[in-house]
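Student: Sequence and predicted structure are below.
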Amino acid sequence: MAAPRIIVVGGGLAGLSAVIKIAEAGGKVDLFSIVPVKRSHSVCAQGGINAAKNLKGEGDTTDKHFDDTVYGGDFLANQTPVKAMCEAAPAIIDLLDRMGVPFNRTPEGLLDFRRFGGTLYNRTAFAGATTGQQLLYALDEQVRRHESEGKVHKYEGWEFLSAVLDSKGVARGITALDLRTMELRSFPADAIILATGGIGAIFGKSTNSVACTGSAQSAVFQQGVTYANGEFIQVHPTCIPGEDKLRLMSESARGEGGRVWVPRTAGDKRPVKQIPESGRFYFLEEWYPKYGNLVPRDIATRAIHKVVYEERLGIDGQPMVYLDLTHIDRATLDRKLEGILDIYEKFVGDDPRDVPMKIFPGMHYTMGGLWVDFNQMTNIPGIFAAGECEYQYHGANRLGANSLLSCIFGGFKAGPNALNYAKNLPAAEGDGGHASELVRQARINTQLLNNNGTENPFKLWRELGETMTKHATVIRYNQGLKQADEKIVELIDRYKNVNLADRSQWANTSFAFARQFKNMLELSRVVVQGARLRDESRGAHYKPDFPDRNDEQFLKTTKASFTGSPDGPRFDYEAVDTQYIKPRPRRYDATN
Amino acid sequence: MATRTVQFEIRRQASPDAPAVWENFEIEWRPGMNVVSAMMEIAANPVTADGRPTTPITYDSNCMEEICGSCAMRINGRARMACSALVDNLEQPIRVEPLSKFPLVRDLQVDRSVLFDNLMAVKAWVPLDGTYDLGSGPRVFPQEQEANYPLSNCISCTCCMEVCPQFNETTGFVGAATIAQVKLFNNHPTGKVLKEERLRALAGDGGIQECGFAQNCVEVCPKRIPLTNAISDVSRDVLLQKAKDFLRG
């Protein structure tokens, strides 16, 4: 029997991790990516990757990492996979180290670790403040090695459009679009792995890269894959506001001692450096004495909102607070944080070594995603998922430096599991559904190209982003969520009237975007409707009208299924696996 | 009050065979605006400065924070990343053109896959026995990490190749970025097992001797990678390797 063929979609950390494991086990992989894989969004991760290596004599253990992760996620994550991830983490760091990731070192030549949010241990390995870049490159290099041996074929510049399903509803391949020639093709596979990242683009401006539209997730959702915990969206407390995007200012800035503050008096006119300690309100340190500036992100984000919108203490009355590193010596800052300080300097114009940075929360991470079982397979046989596009590891709030870990761990699981699945897959009947799926996709393309409407898809996208950011980020009200859903329905309707300014059949970016945008709209309904139905506050999901966690009713995974009905998705709920750690109140303000 | 605007001249080309044309755009100024955000504005309102409808511009961009390496182009004649090109720091009209040394796809989009081919040719990786658990990696002292980390920051933007007089079809020169990666992997305690192969790959035509020491590469690198140092070091190693290979017969 021929070696099974696996298709991996997405070339960030999760996708590349899966590719490496499959190639190593003798499988053949076709790797699809919109961008050259080395330019995937994982490259933007900054601060580090968690593993309880306990190299600082603190008595850290993988059990403590497990507990911090489950507690940080407000008990919404299924515990079995989280436990396995935390146990695997130390060996993953060793492997990355062997691959040549230039992690920062101690004088003895060992890996250095720093603190991150939601833990009291130095558990985060890091390569300056460009850890994601360094990890992505290490995996990219290993994939290139396998590519040179003919085990991997890359399709860079191809966009995934849909899964090909046979008459029994089993995945038999994908359809994809060559973004240069605009050629539509189907590709056979015995199993497919989606590793297509987050959905930041539905919020318009976020810390995500342009390619993070969630289009692939939405496409398979509309084909029957369940989407889980869609309402859980992480808003990162410290971003650089921008007209085009919100640039991340890593949690590692606080891990290395950065302090968040505002002037105690609204409208304090003194130059920032002349405001004495007594005039500074270090609100995170005052409100959360045990964790201080390193509370989890949802907590820090809400605190900043409170200071700015309720206490009206934002800098110069603007929605901004200081993130201050100026008390740390320049050499240390350069050794540990240079990458992010350069970003601030380049885009804002001030040197954060001299002047406190001005930051504000911004949409950052997608905790929810495609529903998968403990083997990383979705409810459609043969469709696997790994990385940010699936829901499994972070519950209601992700801890900093756990995402790189979950991407690699998820990819390492999905790869071999997909291969095993494929080995036992009976041959498809007929053509496995390829011809009919190609017809369906060609019809969508033709209709879009020939549509004679008046709506510009990029303008519609701005309206979506504004609505989503206003109603479905930090603070949520049912009335607002209802309005957001109505707005999305309106946009879906106006989308029928879309007009492409460009009808050419060569590198037509408007066409590609318009296709993605339709999928973004469908996924947005999963987010806002899921949020509306969850009448409690848990992790990143916060409703002032329901300020408490309600385990009795909502210690459950939200599962959305596409219906095609104008009312939107159908929602079901699934019990959470809490067999190892009993849910307890989540109180980062406690002092003992 | 009149709206403050920014003037752009953008070189357009519908396909590799189509003629190149210049289009002018006048875009509303916004604080902190960069060249990519101007392109996003044009996509939402694809009309030229003289009011003629046109198509959105095709260009590469992804992270918008100068780390993915996608949006390299020539801005006012200089090869650089468009996302970090703030319009307030640029003379107007801002002239935007594609990189000139790579096959053009459309408008500002070019095909830079040659860099990835070069990285494959020099085996820019650490050859692992496998990804199973083999314990911790080699010890690396902070000084070594601090020397190697800058080389590992290369974002594959290809600006160094664009500005290199020797990077052209005649020489087939691999360019500075690839040479810096050879230094990085030859420095690595495990990566150096392939050192001789990498040096031999740089010994022939298109290899390191094509470098004319114009030093444009190090001037233009957005990540300030010590490219000329890397070229000198690798150059010396290539010569030594050639001598060794000669003596071995």
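Tutor: Structure's in. What do you need? Residues are numbered from 1 along each chain as shown, chains lettered A, B, ... in the order given.

Student: Can you classify residue 174 by secondary structure?
Tutor: Unless you meant another one, I'm taking chain A. Following DSSP: H, G, I helix; E, B strand; the rest coil, A:I174 is assigned to strand.

Student: my bad, chain B
Tutor: Put simply, B:V174 is coil when judged by three-state DSSP.

Student: How about A:D502?
Tutor: The three-state label given to A:D502 by three-state DSSP is coil.

Student: mind checking pLDDT for the spatially closest residue to it that is not a sequence neighbour?
Tutor: Using CB to CB, 6 or more residues apart in numbering or on different chains and skipping the chain neighbours, the partner closest in space to A:D502 is B:T55 (3.9 Å). All C-beta atoms are positioned from the backbone trio N, CA, C, and that covers glycine. At B:T55, the model reports a pLDDT of 97.

Student: any idea how far A:P276 is from B:T55?
Tutor: The gap separating B:T55 from A:P276 is 57 Å, by CB to CB, to the nearest Å.

Student: For the longest helix that chain B contains, list every residue counted as buried.
Tutor: Counting by DSSP state H, the longest helix found in chain B is helix B:227-248. Buried residues in helix B:227-248, counted by 16 or more other CB atoms under 10 Å in any protein chain shown: B:L227, B:T228, B:A230, B:I231, B:S232, B:D233, B:V234, B:S235, B:D237, B:V238, B:Q241.

Student: chain center to stretch B:151-169, what's the gap?
Tutor: Counting by CA atoms, centre = their mean, to the nearest Å, stretch B:151-169 is centred 5 Å from the centre of its parent chain.

Student: Burial check on the residue nearest to A:D502, number of neighbours?
Tutor: As a burial measure, B:T55 scores 21 neighbours (other CB atoms under 10 Å in any protein chain shown).

Student: Phi and psi next, for it.
Tutor: phi -100, psi 150 (degrees, to the nearest 10).

Student: Now do the contacts for it.
Tutor: For B:T55, the contacting residues are A:A501, A:D502, A:S504, A:S510, B:P46, by CB atoms under 8 Å, 6 or more residues apart in numbering or on different chains.

Student: give me that answer again for 10 Å
Tutor: Contacts for B:T55 (CB atoms under 10 Å, 6 or more residues apart in numbering or on different chains) come out as A:500-504, A:508-510, B:12, B:14, B:23, B:42-43, B:46, B:106-107.

Student: Can you tell me the SS state at B:R80?
Tutor: Applying three-state DSSP: B:R80 is strand.

Student: can you pull the pLDDT of it?
Tutor: In this model, B:R80 is scored at 98, pLDDT.

Student: Just list whatever residues bridge to it.
Tutor: The partner list for B:R80 in beta bridges (DSSP bridges) reads B:M73.

Student: wait, isn't it in contact with B:R74?
Tutor: Yes. B:R80 is in contact with B:R74 according to CB atoms under 10 Å; the separation is 7.8 Å.

Student: list the residues that contact both of the two?
Tutor: B:C159, B:E162, B:V163.

Student: Run a quick neighbour tally on B:C68.
Tutor: Count around B:C68 with other CB under 10 Å applied: 30.

Student: I'd guessed it sits against A:A211; true?
Tutor: Yes. B:C68 lies in contact with A:A211 (CB under 10 Å); the separation is 9.2 Å.

Student: hey, what's in contact with both of these two?
Tutor: Counting by CB under 10 Å, 6+ apart, the shared contacts of B:C68 and A:A211 are A:V35, A:R39, A:S40, A:H41, B:S61, B:N62.

Student: which residues does the third one contact?
Tutor: Neighbour list for A:S40: A:10-16, A:33-34, A:132, A:136, A:139-140, A:195-197, A:209, A:211-212, B:62-63, B:68 [criterion: CB under 10 Å, 6+ apart].

Student: The first one now?
Tutor: Applying CB under 10 Å, 6+ apart to A:V35 gives the contacts A:11-12, A:41, A:43, A:156-157, A:179, A:209-211, B:60-63, B:68-70.

Student: same check, this time on the second one
Tutor: Under the criterion of CB under 10 Å, 6+ apart, the contact list for A:R39 reads A:11-12, A:33, A:136, A:140, A:156, A:209, A:211, B:60-63, B:67-71, B:155-157.

Student: cutoff 7 Å now
Tutor: By CB atoms under 7 Å, 6 or more residues apart in numbering or on different chains, A:R39 lies in contact with B:N62, B:C68, B:G69, B:S70.

Student: Over to A:Q222?
Tutor: By CB under 7 Å, 6+ apart, the contact set of A:Q222 is A:E522, A:F562.

Student: repeat for A:D577
Tutor: Counting by CB under 7 Å, 6+ apart, A:D577 touches A:N78, A:Q79, A:T80.

Student: do A:N508 as well
Tutor: A:M182, A:D502.

Student: can you pull the pLDDT of it?
Tutor: According to the prediction, A:N508 has pLDDT 97.

Student: Quick check: chain neighbours aside, which residue is closest to A:H146?
Tutor: A:H146's closest residue in space is A:A23 (CB to CB, 6+ apart), at 4.0 Å.

Student: Cool, thanks, talk later.
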